[in-house]
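**Q** Predicted coordinates and the sequence they were generated for:
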Amino acid sequence: MYFYPETLLIENFKSIRRLELKLRPGVNLLVGPNASGKTNILEAIYSFHKALFPRELLKIPYSPHLPMYWRASDLFYMGDTSKHLGFGLSLRRQRICRGKLYTGRVNLYAKFLHKGDSVEPRYVEITANAIGSWSGR
C-alpha cells in the first residue's frame, strides 16, 4: 500500500489565517521571500505531527513547538484566541491487489483551542474512504 500527501490545511496558525496547499507525489518545495510564512508552514506540520501521537496529545498543557519565552496566544493568527487552530492532511492511498488498483483517501484533522496559558486539543478526526472503484491495472 502506498500513501502520499494530497492536501495540507492550516487554520489560524501564527501568520497563516487559512492555507490549503495542494501537494504532488514526490518532492514539494516551499519557495518565497523572507517573512512570507515558509517556516510557519513547517512548524504547523511539526505541530500537527506531534498531535497525532497520544502521548503528546494528552499532555496538558499541550504547547506544540512553543519556546519557553512565548505565550500560547502567539501560536494564533493575529493573537486571536477566540478562533481554533486547525491542522488537516489528506493522504491518497493506493493498493494493488490481485492485479487491480484500489485508490482511497485518508483525512486527518486536529482542532485546538486556547485555554489559559496553554493550547488544548479539542478533537482529532480521522476518516477514510474509497475513491472510485476497483479498476484493472
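**A** Structure's in. What do you need?
**Q** Please, where are all the helices along the protein?
**A** 38-51, 54-57 (DSSP state H).
**Q** distance of L89 from S118?
**A** Going from L89 to S118 by Cβ to Cβ, to the nearest Å gives 23 Å. Quick note: C-beta positions are derived from backbone N, CA and C, even for glycine.
**Q** More neighbours: which of these two?
**A** L89 (21 against 16; other Cβ atoms under 10 Å).
**Q** was I right about that one contacting R105?
**A** No - taking Cβ atoms under 8 Å as the definition, L89 is not a contact partner of R105, at 10.6 Å.
**Q** weakest of the helices of the chain by average pLDDT?
**A** If you rank the helices of the chain by mean pLDDT, helix 54-57 sits at the bottom with a mean of 63.
**Q** Show the contacting residues for T127.
**A** V106, N107 (Cβ atoms under 8 Å, 6 or more residues apart in numbering).
**Q** who does L8 bridge with?
**A** According to DSSP bridges, the residues that bridge with L8 are L21, L89.
**Q** Could you tell me the per-residue confidence at it?
**A** We have a pLDDT of 96 for L8.
**Q** show me where pLDDT drops low in this protein?
**A** Along the chain, segments meeting pLDDT under 70 span 54-69, 131-137.
**Q** Okay, G37 and L19: tell me how far apart.
**A** G37 sits 8 Å away from L19 when distances are taken as Cβ to Cβ.
**Q** Among these two, which residue is more densely surrounded?
**A** Taking neighbours as other Cβ under 10 Å, G37 and L19 compare with G37 leading, 18 against 15.
**Q** quick one: contacts for that one?
**A** G37 neighbours (Cβ under 8 Å, 6+ apart): K14, S15, I16, L19.
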